[in-house]
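Participant: Quick one: sequence and predicted model below, then my questions.
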Amino acid sequence: MTSLRVLAAVLLVSVPAGCTAVSTYPPTAGTTKMTPTVSPGPELMAAAIKEASCVTNGKQPIVFNLPAGLDNGTWRRIAGLLPDGARPMRAGDEAVYSVQQLRLSGGTAEVDVTYPERGVYQLMTVKFEGGPVIPWRVQWAYRWVIPATAPVANDPAIAVASAEADRAAAEKAAAEQAATEQAAAPTDGNGG
């Protein structure tokens, strides 16, 4: 009876996997766009970042970057899934683990991550197997010998802070311009 239950569980998990279309984020032509903000998206991205860090240099705190377009909540959730000390990338960071793409097809997922290696960014693909019934587990991590472009910080919190700094700088410049114009205004000739 136990073997019948195991067989039924295997069939329930494997049948939907064979019928599922590939979904990606960021989307690519010919695939279904996925919503990476809901499970298993954040969990897979965090696990891929941890795996890439562990494979390449697990000693330093993780600095991570995610694809553009993800909301603050997703960034916070992924940060919470990473080890203590992990933080989002800021401008000027050099040793960054950056998720490039997430692909999901039934019970298989792959996450591409760029990572620093001797001053050059390289690409790693981390493959997972799992699903709603079976926890997602790393099957392998493959380090491609392909140089990758250095990541650009995509954290929406940085964009908000940058926009606020730009607004404050514009207001300050406008106030200084107004003060300069007022100081340069001609007087009425009576000393005031």
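Facilitator: It's in.
Participant: With adjacent residues omitted, what lies nearest to the residue nearest to the spatial centre of the chain?
Facilitator: Central residue of the chain (CA atoms, centre = their mean): L66, 1.3 Å from the mean position. Here the nearest residue to L66 in space, its sequence neighbours aside, is V99; by CB to CB, 6 or more residues apart in numbering that works out to 5.2 Å. Placement of C-beta: from N, CA and C, glycine included.
Participant: Not counting the helix or strand containing the one you found itself, show me its contacts.
Facilitator: Element membership of V99 [criterion: DSSP states H and E] is strand 97-105. With CB atoms under 8 Å, 6 or more residues apart in numbering as the contact definition, strand 97-105 has outside contacts at 17, 20-26, 28, 31, 34, 36, 40-41, 44-45, 48-49, 52-53, 62-67, 89, 109-115, 121, 123, 148, 151.
Participant: Please name every helix or strand in contact with the helix or strand that that strand is followed by.
Facilitator: Next helix or strand after strand 97-105 toward the C-terminus (DSSP H and E): strand 108-117. Counting by 3 or more CB pairs under 8 Å, 6 or more residues apart in numbering; DSSP states H and E, the packing neighbours recorded for strand 108-117 are helix 41-57, strand 97-105, strand 120-129.
Participant: Out of the ones you listed, which is closest to Q182?
Facilitator: strand 97-105 (48.7 Å; CB to CB).
Participant: Tell me the strands beside the closest one, with direction?
Facilitator: strand 23-25 (antiparallel), strand 63-65 (parallel), strand 108-117 (antiparallel) (DSSP bridges).
Participant: Could you save these as a markdown table and add columns showing mean pLDDT and mean neighbour count?
Facilitator: Shown next, in a markdown table, are the strands paired with strand 97-105 (pLDDT from 0 to 100; neighbours: other CB atoms under 10 Å):
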| stretch | mean pLDDT | mean neighbour count |
| --- | --- | --- |
| strand 23-25 | 94 | 20 |
| strand 63-65 | 98 | 24 |
| strand 108-117 | 96 | 22 |
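Participant: To E176, which of those lies closest?
Facilitator: The nearest among these, by CB to CB, is strand 63-65 at 35.8 Å.
Participant: Run the chain-centre distance for the closest one.
Facilitator: Distance, stretch centre to chain centre, for strand 63-65: 7 Å (CA atoms, centre = their mean, to the nearest Å).
Participant: Same question for stretch 73-88.
Facilitator: 10 Å.
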